[in-house]
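> fold the following, please.
(one chain, ligands or ions: 2)
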Amino acid sequence: MKKKMRVMSEKPLNAETPNEQLRSWVTANSMFFSRNQGEIMREPIPLSEWELIIEGKVKRALRFNFDQVVRMPKAIVANAVECSGNGRSLLKEKASGNSWTTGGVGNAVWGGVWLKDLLERVGLDGGAKHVSFEGLDKPLGSAGIRFVRSIPVEKAMSSTILAYEMNGEPLPLQHGYPLRVLALGWTGANCTKWLNKVTVMDRPFSGFYMDEVYRIFQKGEDPQSGTVVTGLKVKSFITQPLQDESLPAGPITLLGVAYAGEANVKRIEVSVDNGKTWNPATFIGPYEPFAWRQWQYVWVVKKRGNYTLLSRATDSEGRQQPLNGHWNVLGYGNNGIMEHAVTVHVR
Ligand SMILES: Nc1nc2c(c(=O)[nH]1)N[C@H]1C(S)=C(S)[C@@H](COP(=O)(O)O)O[C@H]1N2
Ligand SMILES: [Mo]
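Ligands and ions are numbered 1, 2, ... in the order given. You can find the predicted model right below:
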């Protein structure tokens, strides 16, 4: 039987994908993690009422209706989206935020338009440095702060799409219907859902979601002194067997996924002895930039007992997953090897 999503909060909706649902290359839309700061509209906005405004440091501000967007050249791109806080609850020292384990990530094939094509239609002004995004979700909390964030214009022009399809279906309401940003290879926080306004700016957007959170900082440090969370770090984890699973001796196939944001995953190694020795794993399945890669390792185990299984990814830039995740106040970017260990019992 299919396991349900693990709901961490209902309002706003925050839910993660059960580990075994992450074995396929494409994560099912109905099982894709949900991460929200605000309230999702109950009903999808009628397309006749929706428009996309592009303004700011541009030659001519424009409004596009949905039909105009869909008639533009199409982008079809596989991309893994991971919440900045995925893996937070696996850190040894507590960090504040949703208690993600491994399921704050998913891989999908997205259909949409290149943001570059739209920005070329409005024409960038000389001073264009950042591009900010605003969605239609309703802020929660008395302060009423909207989820507004910006990305550098270089990222917006090189590898960012606005998606209206997810795995061949219209973008589901939960995931940003009718249009969302995907800054390819960057964390979910850079991927605004329910997009209706793009503002080209001469500096990064300043506001709560840019300045106070989605930054890496230590206790006693000013959040604004921390670096903004952008590209995904190299990471892998095991999707089979599951944590605490009991298995008969014999051949056991380990499965997992690995991703490296804008870089490619170069190598996966597996340890079945808690890190003493490492063995190469084999890539299986599709290979696309920005998407995750699946891998396997056939482990022939003869002796009964408890085993700690680890996986270690190296990317095309030579970066490797650290043995332990780098702690920070908000618990972002946990790609630690030990934090993602899986213990199994061989009987
Ligand atoms: N408008 C809007 N866009 C948003 C958010 C939000 O709260 N509001 N959350 C962001 C965060 S933090 C993440 S991780 C992703 C999650 O996308 P998903 O729910 O489709 O998985 O959406 C991003 N886009
Ligand atoms: Mo996120």
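> so who does the residue in the stretch 101-250 of the chain positioned nearest to ligand 2 touch?
Closest contact between the stretch 101-250 of the chain and ligand 2, by Cβ to the ion, is at residue 188 (3.9 Å). Backbone N, C-alpha and C define where each C-beta goes, glycine included. Contact analysis of residue 188 by Cβ atoms under 8 Å, 6 or more residues apart in numbering lists 35, 81, 82, 83, 84, 104.
> let's see it at 10 Å
Shown in contact with residue 188 (Cβ atoms under 10 Å, 6 or more residues apart in numbering): 33, 35, 81-86, 104-106, 182, 214, 229, 232.
> out of those residues, list just those in strands.
Using DSSP state E to define strands, the subset of the contacts of residue 188 located there is 81, 82, 105, 106, 182.
> quick check, pLDDT for the residue lying closest to residue 271 once chain neighbours are set aside.
Nearest non-adjacent residue to residue 271, counting by Cβ to Cβ, 6 or more residues apart in numbering: residue 310, 4.3 Å away. Note for residue 310: predicted pLDDT of 98.
> isn't residue 161 up against residue 108?
No: between residue 161 and residue 108 there is no contact under Cβ atoms under 10 Å: 11.9 Å.
> which neighbours do these two share?
By Cβ under 10 Å, 6+ apart, residue 161 and residue 108 have these common neighbours: 77, 79, 182.
> and what about the first one, helix, strand or coil?
To tie it back to what came earlier, the one meant is residue 77. Here residue 77 is recorded as strand under DSSP: H, G, I helix; E, B strand; the rest coil.
> ok, now which ones touch it?
Shown in contact with residue 77 (Cβ under 10 Å, 6+ apart): 108-112, 114, 159, 161, 163, 182, 184, 288-291.
> now, those residues that are in strands?
108, 109, 110, 111, 112, 114, 161, 163, 182.
> what stretches of the stretch 151-300 of the chain score poorly on pLDDT?
For the stretch 151-300 of the chain, no stretch has pLDDT under 70.
> for it, what lies in contact range of ligand 2?
Counting by Cβ under 5 Å from the ion, the stretch 151-300 of the chain comes close to ligand 2 at 188, 189.
> residues in contact with the helix or strand hosting residue 15?
Per DSSP states H and E: residue 15 is located in strand 14-16. Under the contact criterion Cβ under 10 Å, 6+ apart, strand 14-16 has outside partners 4-9, 22, 31-37, 83, 85-86, 89, 97-106, 174.
> so is it next to ligand 2?
No: with Cβ under 5 Å from the ion as the criterion, ligand 2 is not reached by strand 14-16; the gap is at least 9.1 Å.
> got the end-to-end distance for stretch 92-109?
34 Å (Cα to Cα, to the nearest Å).
> quick check, that stretch touching ligand 2?
No: using Cβ under 5 Å from the ion, stretch 92-109 stays clear of ligand 2, coming no nearer than 7.1 Å.
> quick check: buried residues in that stretch?
Using 16 or more other Cβ atoms under 10 Å as the test for burial, stretch 92-109 gives 95, 97-109.
> need the contact list for the residue lying closest to residue 82 once chain neighbours are set aside.
Nearest-residue entry for residue 82: residue 105, 3.9 Å, with adjacent residues in sequence omitted and distances by Cβ to Cβ, 6+ apart. For residue 105, the contacting residues are 16-17, 22, 27, 32-33, 80-83, 86-87, 187-188, 232, 235, 237, 257, 259, 292, by Cβ under 10 Å, 6+ apart.
> do residue 165 as well
Residue 165 neighbours (Cβ under 10 Å, 6+ apart): 70, 74, 75, 76, 108, 109, 110, 111, 112, 171, 178.
> contact residues of the chain facing ligand 1?
Residues of the chain found near ligand 1 (Cβ under 6 Å from any ligand atom) are 32-38, 81, 83, 135, 137, 147, 175, 188-189, 191-194.
> now do the residue of the stretch 51-200 of the chain found nearest ligand 1 against residue 233, distance only.
Proximity of the stretch 51-200 of the chain to ligand 1 (Cβ to the nearest ligand atom) peaks at residue 188, 2.3 Å away. Residue 188 sits at a distance of 14 Å from residue 233 (criterion: Cβ to Cβ, to the nearest Å).
> so what sits against both of the two?
By Cβ under 10 Å, 6+ apart, the residues touching both residue 188 and residue 233 are residue 82.
> hmm, back to that, next one: the nearest residue to the residue of the stretch 101-250 of the chain closest to ligand 2 once chain neighbours are set aside from residue 33, what distance?
Once flanking residues are discounted, residue 188 sits nearest to residue 83: 4.6 Å by Cβ to Cβ, 6+ apart. According to Cβ to Cβ, residue 83 stands 7 Å off from residue 33.
> then residue 61?
Using Cβ to Cβ, we find residue 61 at a distance of 34 Å from residue 33.
> these two - which one has more neighbours?
Higher neighbour count among residue 61 and residue 33: residue 33, with 25 against 13, using other Cβ atoms under 10 Å.
> wait, that one sits on residue 19?
No: under the criterion of Cβ under 10 Å, residue 33 is not in contact with residue 19, lying 11.8 Å apart.
> now the common contact residues for those two.
Common neighbours of residue 33 and residue 19 (Cβ under 10 Å, 6+ apart) are 6, 103.
> this completes my enquiry, with thanks.
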